[in-house]
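Peer 1: no sequence on hand, only this structure:
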């Protein structure tokens with residue numbers, strides 16, 4: 001298949017699909033952290049090319065629950081949230097047969113539509129908790145692959161990416177946003193395995209017709 005990985009600089013999802021034999025191109029405003037097909041620029045410029053599948057990770061800074069808190073309290077312009085929502089909608093309505101968009105819990109579910117499912121990294125072999133929504137177009141829900149049990153702190157479950165209080169374990173630093181936004185390899189592998197086996201390339205369908 002031809003797979004577009006939108007808003008990814010880490011190469012995690014791109015490389016997961018590449019390992020399965022697909023052509024995968026990642027796109028982001030930043031250069032790729034790893035070697036592989038990558039486009040530096042606006043992904044909206046690529047949406048009308050011949051893609052069988054798009055997996056998108058749009059920025060969540062202004063639309064996730066924690067981000068919208070700052071907007072609602074006047075610390076960020078509302079225009080930034082509106083711009084982020086418009087970008088999300090452009091990805092959701094892209095002329096691509098199969099689309100999967102992931103984003104943390106936020107206002108997309110109330111301003112557009114709820115996600116088709118929520119997933120947790122700890123159900124995909126990752127020692128981490130991060131409730132994430134998946135908005136799907138012509139794709140099946142991801143099925144869990146491997147459960148990771150938490151440690152227990154005063155009767156509450158905690159995973160490796162959390163402090164004992166439940167906060168994110170990554171302290172403030174310049175790379176924090178990029179580190180927290182990276183796709184977990186276990187989730188990327190599940191996408192490549194399950195969606196890669198489900199989607200039929202457009203070229204094959206055209207040959208049949």
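Peer 2: Perfect, thanks for sending it. All values derive from a computational prediction rather than experimental measurement.
Peer 1: quick check: what element follows the helix or strand of the chain with the lowest mean pLDDT along the chain?
Peer 2: Lowest on mean pLDDT, DSSP states H and E among the helices and strands of the chain sits helix 176-181, with a mean of 56. Remark: after helix 176-181, the chain's next helix or strand is helix 185-190, criterion DSSP states H and E.
Peer 1: would you check the distance separating that following helix from the middle of the chain?
Peer 2: 11 Å (C-alpha atoms, centre = their mean, to the nearest Å).
Peer 1: touching, residue 6 and residue 58? I think so.
Peer 2: Yes: counting by C-beta atoms under 8 Å, residue 58 is a contact partner of residue 6 at 7.2 Å. The way it works is simple: take the backbone N, C-alpha and C, and place the C-beta from them, glycine included.
Peer 1: of those two, which one has the most company?
Peer 2: residue 6 (26 against 22; other C-beta atoms under 10 Å).
Peer 1: residue contacts, that one?
Peer 2: 27, 43, 54, 55, 56, 57, 58, 91 (C-beta atoms under 8 Å, 6 or more residues apart in numbering).
Peer 1: ok, those vs residue 21, which is closest?
Peer 2: Taking C-beta to C-beta as the measure, residue 21 lies nearest residue 55 of the contacts of residue 6, at 16.0 Å.
Peer 1: for that closest one, give me its contacts.
Peer 2: Residue 55 touches 3, 4, 5, 6, 13, 17, 99, 100, 101, 102, 191, 195, counting by C-beta under 8 Å, 6+ apart.
Peer 1: identify each buried residue in stretch 109-117, please.
Peer 2: Buried positions in stretch 109-117, judged by neighbour count with 16 or more other C-beta atoms under 10 Å: 115, 116.
Peer 1: would you mind pulling the contact partners of it?
Peer 2: With C-beta under 8 Å, 6+ apart, stretch 109-117 has contacts from 85, 88, 89, 92, 103, 108, 133, 134, 135, 136, 141, 142.
Peer 1: okay if I get those residues as TSV plus pLDDT and neighbour count?
Peer 2: Below are the contacts of stretch 109-117 laid out as TSV (pLDDT from 0 to 100; neighbours: other C-beta atoms under 10 Å):
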residue	pLDDT	neighbour count
85	91	18
88	94	23
89	95	14
92	96	17
103	93	22
108	88	24
133	96	19
134	97	19
135	97	23
136	98	19
141	98	11
142	98	21
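Peer 1: that's all I had, so thanks and see you.
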